[in-house]
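Participant: Sequence and predicted structure, then a few things I'm wondering about:
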Amino acid sequence: MTCVRGLQRLKAALYLRRNTCSRSLTSGGVHHKDDMIVKIENPYKEPQKGCTLCNVTIDFKNIQLLSQFISPHTGRIYGRYITGLCGRKQKEISKAIKKAHAMGFMSVTHKHPQFMKDPNICGSKHLD
Amino acid sequence: MPRYELALILKAMQRPETAATLRRTVETLMERGAVVRNLENLGERLLPYKMTKHDQRHTRGTYFLIDFYSAPNILTGLLDHLHRDVDVVRPTVLRKDEQVRRSTCCGPQQ
């Protein structure tokens, strides 16, 4: 029983192979223009998503914006894996926060209580 | 001439004294050949941390922002002068660069 089935499988495989060979011999010279593959841009392509601060100018005076990227308990700057910003914006934010610290605009060890109720941009979850 | 920004933190004082200090600062700037473009008052607020300057512990301060055009060689002299002023808590001079509009900023352009 099993050897019969095995023979049948072999036959089927050979038959298929024969067919493909015969197809290539006959269709070599004929090209139908209407079923040629036309190269177009991927129609299902999604628009490129930017980071949250894509078109936002970052200033050291805007401490409310800067405070959204620091920890409320320690005032530490969040890393890129938490903020989700692109390289350029993360660097700009980091530089602006350090500038604000040095110039006496923003606190170093904590977040201003006025900004504690701001919406959470970064994906950090604090157990309160 | 390059454009600079002076972020000035003054001691929490009464209005006439603050006005006198500002006047003194702007006159110093003009004497050294700077052209003052804009003067903004960011208000009197609690300082983010206590600052010690001129043997005094400061908790509150008035924030000012002075935009000016000047030659770069006067800046050290100016900062020296401001550090010596008793009413000034923290002077900082920053260079103001034109924001270059980059073509691609990792996302869709508006």
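Facilitator: Alright, I've got the coordinates.
Participant: alpha carbons only for contacts and neighbour counts from here, please
Facilitator: Will do.
Participant: Extract the residue ranges of the chain that are flagged as low pLDDT.
Facilitator: I went with chain A, as the question did not name one. Residue ranges of chain A with pLDDT under 70: A:1-7, A:9-32, A:126-128.
Participant: you looked at the wrong chain, it should be chain B
Facilitator: Looking at chain B by pLDDT under 70, you get B:101-110.
Participant: Okay, helices next: where are they in it?
Facilitator: With helices called from DSSP state H, chain B shows them at B:15-31, B:75-84.
Participant: So is stretch B:73-82 next to chain A?
Facilitator: No - figure legend: stretch B:73-82 not in contact with chain A (CA under 8 Å from any CA of the partner chain); closest approach 13.6 Å.
Participant: So which bits of that stretch are buried?
Facilitator: Buried residues in stretch B:73-82, counted by 16 or more other CA atoms under 10 Å in any protein chain shown: B:75, B:78-79, B:82.
Participant: now do stretch A:68-83
Facilitator: Buried residues in stretch A:68-83, counting neighbours by 16+ other CA under 10 Å, are found at A:68-72, A:75-78, A:83.
Participant: Next: stretch B:17-28.
Facilitator: B:18, B:21-22, B:25-26.
Participant: Stretch A:60-69 now?
Facilitator: Using 16+ other CA under 10 Å as the test for burial, stretch A:60-69 gives A:60-61, A:63-69.
Participant: Restricted to helices, list the residues you listed.
Facilitator: Per DSSP H, the buried residues of stretch A:60-69 map to helices at A:63-67.
Participant: Relative to chain B, which of those residues is nearest.
Facilitator: Nearest to chain B among these is residue A:63, at 11.0 Å by CA to the nearest CA.
Participant: rewinding a little: need the buried residues of stretch B:17-28 in TSV (columns: distance to residue A:51).
Facilitator: Formatted as TSV, those follow (distance: CA to CA, whole Å):
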residue	distance to residue A:51
B:18	43
B:21	44
B:22	41
B:25	42
B:26	41
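Participant: how would you label the residue of chain A found nearest chain B: helix, strand or coil?
Facilitator: Evaluated by CA to the nearest CA, chain A has residue A:50 as its residue closest to chain B, separated by 3.7 Å. The three-state label given to residue A:50 by DSSP: H, G, I helix; E, B strand; the rest coil is coil.
Participant: Report how many residues lie close to it.
Facilitator: Residue A:50 has 15 neighbouring residues, counting by other CA atoms under 10 Å in any protein chain shown.
Participant: Over to residue A:101?
Facilitator: 17.
Participant: Same question for the one 3 residues further on.
Facilitator: The tally of other residues near residue A:104 (other CA under 10 Å) stands at 22.
Participant: which ones are touching it?
Facilitator: For residue A:104, the contacting residues are B:47-49, B:90, by CA atoms under 8 Å, 6 or more residues apart in numbering or on different chains.
Participant: Show me which of those is closest to residue B:62.
Facilitator: Checking those against residue B:62 with CA to CA, the nearest one is residue B:47 at 8.8 Å.
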